[in-house]
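**Q** I would like to see how this sequence folds:
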Amino acid sequence: MPERSEDQERAARAAAGDESAFRAIYRAHVRPVYWIAHGILGSAADAEDVTQETFVVAWRKLPKLELAGDSLLPWLATICRFQAANRLRRRIRDRENTTDAADEAIPATVSVEEQVISAELAARITAEIGTLGELDREIFRLCASEGYAYQAAADELGVSHAVVRNRLSRVRTQLRGTVQEVRDA
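**A** Alright, predicted model coming up:
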């Protein structure tokens, strides 16, 4: 039987009720999920709410999840997009039912095209991260996903601060290129 990925292991344990495994899933994916929500909603407060809603839904759905790939991020991104679309619909409904609509910058709807771009973007980022070498993946996970400072990540990985800084910069540049390709397509 092939070895399971860290996400697959955590998902199986969390589905069985292991809250610490779910906390590990949360820590590993909260930042990418937040940025997907923020990209759709354009509001930090709404993105934070949708991120939390995404993980609440994920906790409920985990027992029935059959993870197709190694990463939970595409699945979480899909939940996030639906939660963000619901949030936008509520905003619109509230604005239509309020006489003094203060925020005229609310988009009318989340178009299918925007949802497809978000899904494609999450999939491309996940795929791009999968192409990284092991050290680069670990640096990205620690610094970008789990919020480690460069020195803390360097200490954890047994490398220098400069190695973490330079490699993370290169990875971020690579991911920015991927994001730009998806947006230009």
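**Q** give me the low-pLDDT residue ranges for this structure?
**A** 1-3, 68, 96-121, 145-147, 182-183, 185 (pLDDT under 70).
**Q** from the recorded domain assignment, give the ranges for it.
**A** Under the assignment automatic domain parsing, the domains of the chain span 1-108, 131-185.
**Q** who touches stretch 45-57?
**A** If you take CB atoms under 8 Å, 6 or more residues apart in numbering as the criterion, stretch 45-57 is touched by 26, 30, 33-35, 37-38, 40-41, 76, 79-80, 83-84, 87. The way it works is simple: take the backbone N, C-alpha and C, and place the C-beta from them, glycine included.
**Q** next one: stretch 11-18
**A** 4, 21-22, 25, 59, 62-63, 65, 67, 72.
**Q** now stretch 20-31
**A** With contacts defined as CB under 8 Å, 6+ apart, stretch 20-31 is touched by 6-7, 9-11, 13-14, 51, 55, 58-59, 62, 72-73, 76, 141, 144-147.
**Q** which of those count as buried?
**A** 7, 10-11, 13-14, 51, 55, 58, 62, 72-73, 76, 141, 144-146 (16 or more other CB atoms under 10 Å).
**Q** what about the helices in the protein?
**A** 6-15, 19-41, 44-61, 73-96, 112-130, 134-140, 150-157, 161-184 (DSSP state H).
**Q** next, the buried residues of the second one.
**A** Residues of helix 19-41 classed as buried under the neighbour-count rule (16+ other CB under 10 Å) are 21-22, 24-26, 28-30, 32-41.
**Q** what's the answer for the fourth one, then?
**A** In terms of neighbour count (16+ other CB under 10 Å), helix 73-96 has its buried residues at 73-85, 87-88, 91.
**Q** again, but for stretch 164-183
**A** So for stretch 164-183, counting by 16+ other CB under 10 Å, buried means 164-165, 167-168, 171, 175, 178, 182.
**Q** hang on, the earlier thing: tell me the one among the buried residues of helix 73-96 nearest to residue 151.
**A** Among the buried residues of helix 73-96, residue 73 lies closest to residue 151 (CB to CB), at 26.6 Å.
**Q** skip the chain neighbours and tell me the closest residue to the closest one.
**A** Leaving aside its sequence neighbours, residue 73 sits nearest to residue 126 (CB to CB, 6 or more residues apart in numbering; 4.9 Å).
**Q** also residue 163?
**A** In space, residue 163 is closest to residue 154, 6.8 Å off (CB to CB, 6+ apart).
**Q** list the contacts for that neighbour?
**A** 160-161, 163-164.
**Q** go again with 10 Å.
**A** Residues near residue 154 by CB atoms under 10 Å, 6 or more residues apart in numbering: 139, 142-143, 148, 160-165.
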